[in-house]
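Asker: Sharing a sequence plus its predicted fold:
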Amino acid sequence: MTIQPLPTPARRRGRLFPRARRAVQLALLAVLGLAPLGPAPAAQELKPLDIYSHRQPFLIAPFVEAYRKETGVEVNIVYASRGLAQRLIAEGDRSKADLVLTVDIGRLAVYADQDLLAPVDSDILRRNIPAHLRDPDNRWFSLSKRARVVAVSKRLDDADAIRRIEDLADPRWKGRICSRPGSHVYNRALLASIVAADGEAAATAWARGLVDNLARRPQGNDRAQLKAIFQGECDIAIINHYYWAKLTHGDNPAQRQWADAVRILFTNQRDRGNHINISGGGVAKHADNKEGAVRFLEFLSRPEAQKLYGTVNFEYPVNPDAEPAEELRALGDFKEDALPITRIAELAPAAQRIIDQVGW
Amino acid sequence: MTATTYRRIFPARTFSRWTIISLLLAVVLIGPILAVFVAASGDTGGLWRHLFATVLPRYVANTLVLMAGVGTLTVLIGVSTAWIVSRWDFPGRSVLQWSLLLPAAVPAYIVAYTYTDFLEFAGPLQTGLREVFGWQTKRDYWFPEIRSMPGAIAVLSLALYPYVYMMTRMAFRLIPGSFFEVARIHDRNYFRAVALPLARPAIAAGVALALMETVSDFGTVEYFALETLTLGIFNVWLGMNSLPGAAQIACVAFLFVIALLAMETYARGKRQFADTSRRQTTVSPTRVSGPRAAACVAACAAPVLLGFLIPAAILLGFVLEGQSIDDYARIGEVAMNSVLVALAVAVMVMTVAVLVIESSFSGNRIARTATALAATGYAFPGTILAIGVVTFVGFLDDGLQRLAEGLFQVSYGGITGTIGLVLFACMVRFQAIGHGAVVTGTKRIPPNLVNAGRVLGRGFAGTLARVVLPLLRSSIFAGGLLVFVDVMKELPMTLLLRPFDFDTLATFVYQFAKDELLEEAALPALVIVLAGIGPVILMNAMLANTGRGVVAGDQGAPRPAPRRR
């Protein structure tokens, strides 16, 4: 069975009523009951893939485009930042979603906890993704890493005093630190990693010290913190590394200045390593195209796609065979916290309680 | 000329056909709200104790301050501008009276983004000031912090005062000139003695909408990092993985708003008036010039400038800088989606609002309460309501699926995942606007007229078509307009409930705005804003044609306007 190419704009222009004609054809097909013989279900590979995504469409588009080029599979996306898990629950076995993509481990874990993901048995995924970055039960897989780093103003002479993330609670930094609100997932995950390393009491003390050191009420996103350092509002900020890379390599000269104003420090290099978070995905339990979903996950874990994570969003690959993006080399290699990423999700509620307590 | 006490027109016949329609529609609309309450019934394991001990007092206090601030400011702006354009004629009045609605077309969080960009430490204004005065750091001078409680109150008030303005202006416009003559004879202040008391239900309806929107706002408070109940709801839901806990906070906030509404209705008590005069004329505005005219222009232009022109100009600045995305074809398609959804929802909401109208005439308390409750979905944050909607519809879908497959052996795909779900969700949320507009309108209809329809042998349907609807035309248009503009900027529900690969302008803007990529978001955001202008002008023209006088306004010759006191 051949696959009809989609009508190109040029071809459409040639006809008088291209859409009408197509509509009539489709209607006729439907009426005659011939629709099942149409081109759609030609082969398994060409079953469209339906994705629920917590990642913005413009960040996924390059992957989808590459995948379509390679396989010809159509990919459909619903993007929302919150609540897709509840939608999946309500839809039950009627759900059309095949694959869930998220940022932050906390959200992935919620899908697993609510029993919304199907276990996947794939040698490719096991080979491409290190064990501490995937679910022990194979329901979700990390696809990229982001490091939560410390940005310090180049004006700051004694920045070397910051070796561990714990050092940010030192009173010497009073009125010098900027941060986005603690309850943002990135900060919550960071705090969860500190709870895992130092225990709840020490983490609470750390958070309280950090809040005491803030130059202003927590506000804005990570990009805004760099801007604040550039403008001299503060000297130190906690950011995800790719915000720095995006500003450095963006095409806005004013924003490049913000990035130029700071140095990036990886913390805890002599002990547990710098905290990382992930973006990842899992196959929906009621997917009607499980194979397609697994294949797309495998595609995303391959070195070529892994490289794309760097090109598109300056994230680090999870696949050890893939090199980080050229632009990230300036930051140098770093030791990452090897804590099983699930622990972050487990400790997130405790972290949120601390955040409420200290008013971060 | 008498102002008769409002009487029940239709005896409390147990359940008429209309009552049953009202009740059925109400049940469908209340379903999602109930679903949120059901979600709230889950176990939260000591969560409240933690919340009480830590953040809840702050959340509640901040929410109350925000509501008080927005309530006060929207009334001040909305009522004063409505009175000025109704009472006085000044150069530019014809443009300003519809321009005053324009800020409603700008999503509040976009206003917040643009002002923050403009006013913050790194923004052009402060940078300029520093250059001029040679200041170096933040410690060298004082500048108001835009990301603050006053900033949020200002931004939300600018975005929300049009509700009050619209409703109040309608009410002012419909006050018969004779009332002002009476006030003049008795040497009483027109505004305090006549206009304000008569417009009170309308003002209350407008403020109710503004406050419900304030309680449920997430975009602005999140951006300003203000710890309100809504932010708390999301922290509990996503931070502590406790949907029941989040739903419980949402329900408490919801009940609080409902209590507030009930209090206002109670305080208003039975003081409801309808006009029965046979010779109805409205007052033409009095011509003013000189400093008075200038003051009028300034008072009316300020909210338009601050709430519409400046944010739009900042967005336009981004677009012209060339930082914006260049996918024009896509934006056209997305804009079309927005307009179609907004139009469909506006028609559906106003149709339902009219279908349940009988409940405000009949003595059937159950129906009246049910239809009022059906119009409270607005008080929930959009995402929480969306979860209620998807849960409720999922429940319906389950039933229908079993029915379809068990009884008729046909497969059933469900409403979930179709555009129908988005439309339904928007209906649940914005029924408050339609209901508010129509109910306020019916309060002004003289009972005698409806009775006359009945005496002449028409059923309720006939009376509705021949008497009530023509009198309500302006209210229906006004409500439909507000719903349209609101759906155009609706974000959280469309975002969560939409079908695959379906974007509206708001969702399209959001994927960029979420990362504070204001540059990329600027063009589609500007299109949302511009798309609101057309309908606003159109509806204003319709209002101008239909809104003269409550009762057949053309019967009497136009009367000279009462002179200024």
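Answerer: Looks like it arrived, so ask away.
Asker: and A:Arg148, helix, strand or coil?
Answerer: Assigned with DSSP: H, G, I helix; E, B strand; the rest coil, A:Arg148 falls in the strand class.
Asker: May I see the buried residues of the helix or strand hosting B:Ile203?
Answerer: Per DSSP states H and E, B:Ile203 falls inside helix B:196-216. For helix B:196-216, a neighbour-count test (16 or more other Cβ atoms under 10 Å in any protein chain shown) marks B:196, B:198-216 as buried. To be clear about C-beta, it is placed using only N, CA and C from the backbone, and glycine gets the same treatment.
Asker: next structured bit after it?
Answerer: Counting by DSSP H and E, what follows helix B:196-216 is helix B:219-223.
Asker: List of residues touching that next one?
Answerer: Identification of contacts with helix B:219-223 by Cβ atoms under 8 Å, 6 or more residues apart in numbering or on different chains yields B:66, B:107-109, B:111-113, B:116, B:147, B:152, B:155-156, B:226, B:228, B:230-231, B:234, B:491.
Asker: In helices, which of these appear?
Answerer: Members of the contacts of helix B:219-223 lying in helices (criterion: DSSP state H): B:66, B:108-109, B:111-113, B:116, B:152, B:155-156, B:230-231, B:234.
Asker: want to throw those residues into a markdown table with neighbour count and distance to B:Leu261?
Answerer: Listed next are the ones in helices among the contacts of helix B:219-223 as a markdown table, based on neighbours: other Cβ atoms under 10 Å in any protein chain shown; distance: Cβ to Cβ, whole Å:
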| residue | neighbour count | distance to B:Leu261 |
| --- | --- | --- |
| B:Leu66 | 24 | 17 |
| B:Ala108 | 26 | 21 |
| B:Tyr109 | 26 | 25 |
| B:Val111 | 26 | 26 |
| B:Ala112 | 27 | 26 |
| B:Tyr113 | 25 | 31 |
| B:Thr116 | 22 | 32 |
| B:Ala152 | 27 | 22 |
| B:Val155 | 29 | 24 |
| B:Leu156 | 28 | 19 |
| B:Thr230 | 29 | 18 |
| B:Leu231 | 23 | 23 |
| B:Phe234 | 19 | 24 |
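Asker: Surely B:Trp88 is in contact with B:Thr286?
Answerer: Yes: with contact defined as Cβ atoms under 8 Å, B:Trp88 counts as touching B:Thr286 (5.6 Å).
Asker: So these two - more neighbours on which side?
Answerer: B:Trp88 (18 against 14; other Cβ atoms under 10 Å in any protein chain shown).
Asker: Find the nearest non-adjacent residue to the one residue in the stretch 51-200 of chain B that gets nearest to chain A, please.
Answerer: Using Cβ to the nearest Cβ, B:Thr54 is the residue of the stretch 51-200 of chain B that sits closest to chain A, at 4.1 Å. Leaving aside its sequence neighbours, B:Thr54 sits nearest to A:Asp356 (Cβ to Cβ, 6 or more residues apart in numbering or on different chains; 4.1 Å).
Asker: so which helix or strand takes in the one you found?
Answerer: helix A:341-358.
Asker: Show me where the stretch 51-200 of chain A has its strands.
Answerer: A:75-79, A:99-103, A:117-118, A:141-153, A:177-178 (DSSP state E, counting those that start in this stretch).
Asker: ditto for the stretch 51-200 of chain B
Answerer: B:88-89.
Asker: in it, what spans have low per-residue confidence?
Answerer: By pLDDT under 70, the stretch 51-200 of chain B contains no weakly predicted segment.
Asker: Show me what from it comes close to chain A.
Answerer: B:Leu51, B:Thr54, B:Val55, B:Arg58, B:Phe121, B:Ala122, B:Gln136, B:Thr137, B:Lys138, B:Arg147 (Cβ under 8 Å from any Cβ of the partner chain).
Asker: thought the second one was touching A:Ile354?
Answerer: Spelled out, that is B:Thr54. No: using Cβ under 8 Å, B:Thr54 is not in contact with A:Ile354; the gap is 9.6 Å.
Asker: more neighbours, these two?
Answerer: Comparing B:Thr54 with A:Ile354 by other Cβ under 10 Å, the one with more neighbours is A:Ile354, at 25 against 17.
Asker: Which one of the residues in the stretch 101-250 of chain B is closest to chain A?
Answerer: For the stretch 101-250 of chain B, Cβ to the nearest Cβ, closest residue to chain A: B:Gly239, 3.5 Å.
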